[in-house]
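Colleague: here is a sequence with its predicted model. Questions after.
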Amino acid sequence: MTISPTETAGTTGAAPAGTTSDSVRVVRDHVAASVPVIASLVDHGDHIAAWADDIATRLVAGRRLLAAGNGGSAAEAQHLTSELTGRFDGDRPAYSAISLHAETSAVTAIGNDYGYDEVFARQVRAHARAGDVVVLLSTSGKSPNLLRAAEAARAVGAFAIAMTGSQPNPLAAAVDDAICIDGPSANVQEAQLVLVHALCRAMEPALRRGARR
């Protein structure tokens, strides 16, 4: 049986006509709040396109992309790497992209031996080379493990970029370049997924051209 939005668990009748349950109101408010945050990415269009061109050039030249985040931002980072090792829109060769948080044995070993602040930085020092790109995602821009990763990336000569929430924040200041999105944390994270998709879509033509060289 399908339960209408105005019904509640444990009841058999609908709510009185013209009323809205608290949960429906919360959903509507959340979606309404996400719209302007996502729409603000239009203002970053040139910036996203510049990232796409730069990252695609690096990947075609044989460089790799490393990505990391915590919690929901980890999922966004892994979404990005999966689009590069798999495909986003149409067939093309795979490109090297690694989600550092997905290396569970490395994360737990490093966290156990060196502390959680080092779980990404040590992997950056292990995997990143000059010319690679390290992408760090955070809604707060304050996570110590991402700040350490930014330091490690710059130390090895990798290009460190970040997607964060409102600026100023420490991570945006620690990387070579950042796109900062204003808004509540959850809405920023939703916008970051759209940013990831926009970035991938903009990269695809260059990645396919590179594959034909």
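Modeller: Sure, I can see it. Residues are numbered from 1 along each chain as shown.
Colleague: could you point out the longest helix of the chain?
Modeller: The longest helix of the chain (DSSP state H) is helix 185-211.
Colleague: what's the average pLDDT for it?
Modeller: Averaged across helix 185-211, pLDDT comes to 93.
Colleague: that helix packs against which elements?
Modeller: Under the contact definition 3 or more Cβ pairs under 8 Å, 6 or more residues apart in numbering; DSSP states H and E, helix 185-211 sits against helix 22-39, helix 45-60, helix 72-85, strand 159-164. No exception for glycine: its C-beta is placed from N, CA and C like everyone else's.
Colleague: so which of the ones you listed is nearest residue 184?
Modeller: Closest approach to residue 184 among the helices and strands packed on helix 185-211 (Cβ to Cβ): helix 22-39, 6.5 Å.
Colleague: sorry, back to before: out of the helices and strands packed on helix 185-211, deepest packed?
Modeller: Highest mean neighbour count among the helices and strands packed on helix 185-211 (mean count of other Cβ atoms under 10 Å): strand 159-164, with a mean of 26.
Colleague: ok, which of the helices and strands packed on helix 185-211 comes nearest residue 194?
Modeller: Ranking these by proximity to residue 194 (Cβ to Cβ) places helix 22-39 first, at 5.4 Å.
Colleague: so residue 142 lies in a strand, does it not?
Modeller: No - per DSSP: H, G, I helix; E, B strand; the rest coil, residue 142 lies outside any strand segment and is coil.
Colleague: which one is it nearest to, not counting chain neighbours?
Modeller: Closest residue to residue 142 apart from its sequence neighbours, by Cβ to Cβ, 6 or more residues apart in numbering: residue 170 at 5.7 Å.
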